[in-house]
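1. coordinates for the following, if possible.
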Amino acid sequence: VGNIPNPARQLQVFDHWKDWQAAELDLLSNTSPGDMRLPADVFVLMLVSIGVHLSDGQRRAIEARISEVSCQKEQSQPGEARSPQHRVGLDFAAFLAMVRWMLDCNFANINLHTERLADRIRNG
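-> Have a look, this model is predicted:
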């Protein structure tokens, strides 16, 4: 049915986020919850783990979009400089927006990869 995302695919991506958060909690125990962000390289690894292999151009596009989203959340007004503590990465809301964008535009053919993953999980 075209590019209409399958809820099972969305659930799988969410499960990867939960797994990352659980694994990273010990490492981030000194970080306040509001400062927890998923780095671009870890986001890319999550994509690779579901079978999405990015070209160099696609990887740069992902990193640029994550940087853009991070900067937008950090800046309260256009043109305002980032704080020295600014960390590039995705908080949970930005992660969901990023996944939504990827599914909507079928970035790197993610819909095919997530459908295959859902099929493998369903079929054991």
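
2. where in the chain is pLDDT low?
-> The chain contains residues with pLDDT under 70 at 1-35, 73-87.

3. mind redoing it with 80?
-> 1-36, 70-88, 124 (pLDDT under 80).

4. tell me where it has strands.
-> With DSSP state E as the definition, the chain shows no strands.

5. can you show me the helices along this structure?
-> Taking DSSP state H as the test, the helices found in the chain are 7-24, 40-49, 56-74, 92-105, 110-123.

6. switch those helices over to a markdown table; also include mean neighbour count.
-> C-beta here means a position set from N, CA and C on the backbone, and glycine is covered the same way. Below are the helices of the chain laid out as a markdown table (neighbours: other Cβ atoms under 10 Å):
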| stretch | mean neighbour count |
| --- | --- |
| helix 7-24 | 14 |
| helix 40-49 | 16 |
| helix 56-74 | 15 |
| helix 92-105 | 16 |
| helix 110-123 | 15 |
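
7. and residue 106, how far is that from residue 119?
-> Note on residue 106: its distance to residue 119, by Cβ to Cβ, to the nearest Å, is 17 Å.

8. likewise for residue 68?
-> Relative to residue 119, and taking Cβ to Cβ, residue 68 is found at 33 Å.

9. residue 55 versus residue 112, what's the distance?
-> Counting by Cβ to Cβ, the gap from residue 112 to residue 55 is 16 Å.

10. can I get stretch 38-51 as CSV, trimmed to CA atoms?
-> What follows is stretch 38-51 as a C-alpha-only set of coordinates in CSV (Å, rounded to 0.1, in the frame of the first residue of the first chain):
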residue,chain,number,x,y,z
LEU,A,38,20.9,9.4,21.0
PRO,A,39,24.1,10.3,19.1
ALA,A,40,24.0,10.2,15.3
ASP,A,41,26.5,7.3,15.1
VAL,A,42,24.3,5.2,17.4
PHE,A,43,21.2,6.1,15.3
VAL,A,44,23.0,4.9,12.2
LEU,A,45,24.0,1.6,14.0
MET,A,46,20.3,1.1,14.9
LEU,A,47,19.5,1.4,11.2
VAL,A,48,22.2,-1.1,10.2
SER,A,49,20.9,-3.5,12.9
ILE,A,50,17.6,-3.7,11.0
GLY,A,51,19.3,-4.1,7.6
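
11. perfect, I'm done here.
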